[in-house]
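Q: I would like to see how this sequence folds:
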Amino acid sequence: MQYFEDIIVGASRDTGSHTFTQDAIIAFAKQFDPQPFHIDPEAAKDSNFGGIIASGWHTAATVMRLLVDSAIDLEASLGSPGFDDLSWLKPVRPGDTIRARLTCIEKTPSKSRPGIGSARFLVEVFNQKDELVMKFISIGLMRFRNKPA
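A: Residues are numbered from 1 along each chain as shown. Reported below is the predicted structural model:
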């Protein structure tokens, strides 16, 4: 379990992985980001991308699932007030497999709420070729295992 006390600045953790399919890319995009290069294989061929690519929001949502499944302690987590510096660096295509690495870059105990702290994590997302496809700074709120006196 990763409570606030367990987080080490500079330490990294890797998540599991996920492989994107064309059907899943199209289904997500039809509902949430219906641009031609996400939903129409023929139109996508004539785009700057040369074929279907996943919506960046599909990639981000998938990374969130990977983080919940392998890096977020659901007992200690108190959610997040947001994130900073989201960048989509390379397109994610059908057949690509992504994984994420999160590295704690800062942690701070709350001054106004004993027993709670925040941590900032650099989240880097790589494809199967170890190419960086997305990155952002995630801010997590979490409980202390032992509430300070």
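Q: show me where the protein has strands.
A: 12-19, 82-88, 97-109, 116-126, 132-143 (DSSP state E).
Q: okay, buried residues for the first one please.
A: Okay, so that is strand 12-19. For strand 12-19, burial by neighbour count (16 or more other CB atoms under 10 Å) applies to T15, H18. The C-beta positions use only the backbone N, C-alpha and C, and glycine is treated the same way.
Q: send me that strand as CSV with only the CA atoms.
A: C-alpha atoms of strand 12-19 as CSV (Å, rounded to 0.1, in the frame of the first residue of the first chain):
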residue,chain,number,x,y,z
SER,A,12,9.7,5.4,-10.2
ARG,A,13,7.0,2.8,-10.8
ASP,A,14,5.9,1.2,-14.0
THR,A,15,2.4,0.2,-14.9
GLY,A,16,1.1,-2.7,-16.8
SER,A,17,0.4,-2.3,-20.5
HIS,A,18,-2.5,-1.9,-23.0
THR,A,19,-2.7,-2.7,-26.7
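Q: tell me how far that strand lies from the chain's centre.
A: 10 Å (CA atoms, centre = their mean, to the nearest Å).
Q: L74: which of the strands of the chain is closest?
A: strand 132-143 (10.6 Å; CB to CB).
Q: quick one, the closest one and strand 97-109 angle?
A: Per axes from the mean of the first three to the mean of the last three CA atoms, to 10 degrees, the angle that strand 132-143 makes with strand 97-109 is 40 degrees.
Q: quick thing: my sequence starts at 58, can you match it?
A: OK, 58 is where the count begins now, so the last one is strand 189-200.
Q: buried stuff in strand 189-200?
A: Residues of strand 189-200 classed as buried by neighbour count (16+ other CB under 10 Å): V190, M191, K192, F193, S195, G197, L198, M199, R200.
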